[in-house]
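Q: coordinates only, sequence not included:
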């Protein structure tokens, strides 16, 4: 039943009910029902009809209005993501491409071994950032009309985004997540997702791991996210190394949100942990 049909039925049913009752009362029931009793029965009959029929129609109307509101919000969100993806592509991605071309020319011109090593390092970094930006563009340009139920329930959640990232990492990852999505604000989701993505990319690039685990549990006041891998680990404090910008940025992100970040070695596992302390329920 369409939205317009429901509105017309809500308007017509009480009117038709009163008209039909008055016709029956005056044509057939006057010898049996007094005028005063008939006048009292009229609002009662309208009330009963409203409870049995109009309540259902109002429920259908509210459901349709919610669906329309969701479609408007989804469309607005999709347009915003498309705009952001376009800005990324036209700005950062194109700049990275030009930088990659220039590094390629510099590589051809480099003659000394140390210079060539520096060029290789720059080129590797540019390629990694370029891949990261293009992955972000691909994530932004999703179709909200494809598998709408999944989009409403999972794809836009932090857990759904983490699952998408794990599919792009060539390491077997086990995911155990029980944190409600409304635990985090939109800003916190963005920052946490960036840190989790960086942690998984580090596992892929540096750890030589065959297995990783992501575990999240807690609620709004107290939660914990732990990422473990069975890789080779580290020999010195990685925060003291000049080339480990990713870990330092992750720690700064967590500090700005008043969250805690820990990076440690536990037996044969490397562990990175994000948490918010509070009184457990």
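A: Received the coordinates, thanks. Nothing here was measured: the structure is a model prediction, and the numbers come from that model.
Q: any weak-confidence spans in this structure?
A: For the chain, residues meeting the criterion pLDDT under 70 lie at 3, 83-98, 107, 109-121, 123-156, 235-245, 278-281.
Q: Would you map the strands across it?
A: For the chain, applying DSSP state E gives strands covering 172-177, 211-218, 223-229, 260-266, 269-276.
Q: which one of those lies closest to residue 60?
A: Each of the strands of the chain was scored for nearness to residue 60 using CB to CB, and the closest is strand 172-177 (35.2 Å). All C-beta spots, glycine's among them, are computed from the backbone N, C-alpha and C.
Q: and the closest one, how far out from the chain's middle?
A: 18 Å (CA atoms, centre = their mean, to the nearest Å).
Q: Okay, now the sheet partners of that strand, with direction.
A: strand 211-218 (parallel) (DSSP bridges).
Q: For the strand it pairs with, buried residues please.
A: By neighbour count on 16 or more other CB atoms under 10 Å, the buried set for strand 211-218 is 212, 213, 214, 215, 216, 218.
Q: quick revisit: turn the strands of the chain into a markdown table, columns for distance to residue 33.
A: What follows is the strands of the chain, written out as a markdown table (distance: least, CB to CB, whole Å):
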| stretch | distance to residue 33 |
| --- | --- |
| strand 172-177 | 66 |
| strand 211-218 | 66 |
| strand 223-229 | 67 |
| strand 260-266 | 77 |
| strand 269-276 | 69 |
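Q: okay, the ones you listed, which one's buried deepest?
A: strand 223-229 (a mean of 21; mean count of other CB atoms under 10 Å).
Q: Could you check how far the residue of the chain most remote from its centre is from residue 271?
A: The outermost residue of the chain relative to its centre, with distances by CA atoms, centre = their mean, is residue 31 at 68.2 Å. Distance of residue 31 to residue 271, given as CB to CB, to the nearest Å: 89 Å.
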